[in-house]
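Undergrad: no sequence on this one, just coordinates:
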């Protein structure tokens with residue numbers, strides 16, 4: 001590994017969170033900000049934080065709280081990028097591999113398509129809105145499975161793209177909890193009030 005000289009971060013300004021009173025907790029309203037393409041403003045990023053616990057939760061049987069599962073994706077892949085004023089310019093979410101002996105391996109990616117929001121390093125708070133698309137595709141190790149080969153041929157016969165690459169991944173649309181017609185959902189501090197997280201999914205030493 002090469003040694004890379006590091007420079008200290010510029011002085012924290014942190015003025016963006018206070019630029020609009022509606023941005024404040026307990027109910028941050030970010031609707032005055034445009035939803036930004038997640039990759040269009042990478043050059044504006046001056047500061048970055050890693051997301052150490054990218055954990056997701058959902059009901060495997062809709063309407064059955066006892067079926068709720070919790071899944072932590074790969075650590076240290078996700079990050080949030082913002083400028084010295086605290087305006088968020090990009091949120092990078094994780095990938096996860098899942099392998100079954102007879103099926104092969106799948107790649108699962110949470111792709112942020114749009115975002116807006118702020119970070120405040122002084123009080124360790126943030127508020128953001130996101131639009132997200134799930135992507136699922138077969139990894140190369142699964143391409144040699146007999147059922148994959150047969151399914152691939154069937155897709156070709158019908159001139160359909162086969163999810164063998166990220167480009168042709170299965171796309172899963174997401175929405176705000178409880179509102180299927182609203183693709184924008186909030187990312188806020190603390191844990192969700194909609195359900196109680198078990199001890200293993202509660203990280204009291206998290207930054208925010």
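TA: Nice, thanks for sending it over. Since this is a predicted model, take the numbers as computed values, not measurements.
Undergrad: Strands of the protein, residue ranges please.
TA: Using DSSP state E, the strands of the chain run over residues 36-37, 47-50, 55-59, 68-72, 79-82, 88-92, 95-100, 104-120, 125-138, 170-173, 185-187.
Undergrad: CSV please, covering those strands and showing mean pLDDT, distance to residue 150 and mean neighbour count.
TA: Placement of C-beta: from N, CA and C, glycine included. Formatted as CSV, the entries for the strands of the chain read as follows, by pLDDT from 0 to 100; distance: least, C-beta to C-beta, whole Å; neighbours: other C-beta atoms under 10 Å:
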stretch, mean pLDDT, distance to residue 150, mean neighbour count
strand 36-37, 96, 38, 14
strand 47-50, 90, 42, 14
strand 55-59, 87, 31, 15
strand 68-72, 88, 30, 13
strand 79-82, 94, 40, 21
strand 88-92, 95, 36, 22
strand 95-100, 79, 17, 13
strand 104-120, 92, 13, 20
strand 125-138, 94, 13, 20
strand 170-173, 92, 18, 12
strand 185-187, 93, 38, 16
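Undergrad: can I get those in CSV with distance to residue 155?
TA: Below are the strands of the chain laid out as CSV (distance: least, C-beta to C-beta, whole Å):
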stretch, distance to residue 155
strand 36-37, 30
strand 47-50, 38
strand 55-59, 28
strand 68-72, 28
strand 79-82, 35
strand 88-92, 30
strand 95-100, 20
strand 104-120, 16
strand 125-138, 12
strand 170-173, 12
strand 185-187, 32
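Undergrad: can you tell me which of those comes nearest to residue 18?
TA: Relative to residue 18, the nearest member of those by C-beta to C-beta is strand 104-120, separated by 8.5 Å.
Undergrad: Run the chain-centre distance for the closest one.
TA: When C-alpha coordinates are averaged (C-alpha atoms, centre = their mean, to the nearest Å), strand 104-120 and its chain have centres 3 Å apart.
Undergrad: Just list what it packs against, helices and strands only.
TA: With contacts defined as 3 or more C-beta pairs under 8 Å, 6 or more residues apart in numbering; DSSP states H and E, strand 104-120 has these neighbours: strand 36-37, strand 79-82, strand 88-92, strand 95-100, strand 125-138.
Undergrad: any chance of those in CSV, plus distance to residue 201?
TA: Shown next, in CSV, are the helices and strands packed on strand 104-120 (distance: least, C-beta to C-beta, whole Å):
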stretch, distance to residue 201
strand 36-37, 29
strand 79-82, 20
strand 88-92, 20
strand 95-100, 16
strand 125-138, 19
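Undergrad: Minimum distance to residue 48: which of these has it?
TA: Across the helices and strands packed on strand 104-120, the minimum distance to residue 48, taken as C-beta to C-beta, is reached by strand 79-82, at 4.9 Å.
Undergrad: who's in contact with the nearest residue to residue 149 once chain neighbours are set aside?
TA: Excluding the flanking residues, the one nearest residue 149 by C-beta to C-beta, 6 or more residues apart in numbering is residue 143, at 7.7 Å. Residues in contact with residue 143, defined by C-beta atoms under 8 Å, 6 or more residues apart in numbering, are 104, 149, 152, 164.
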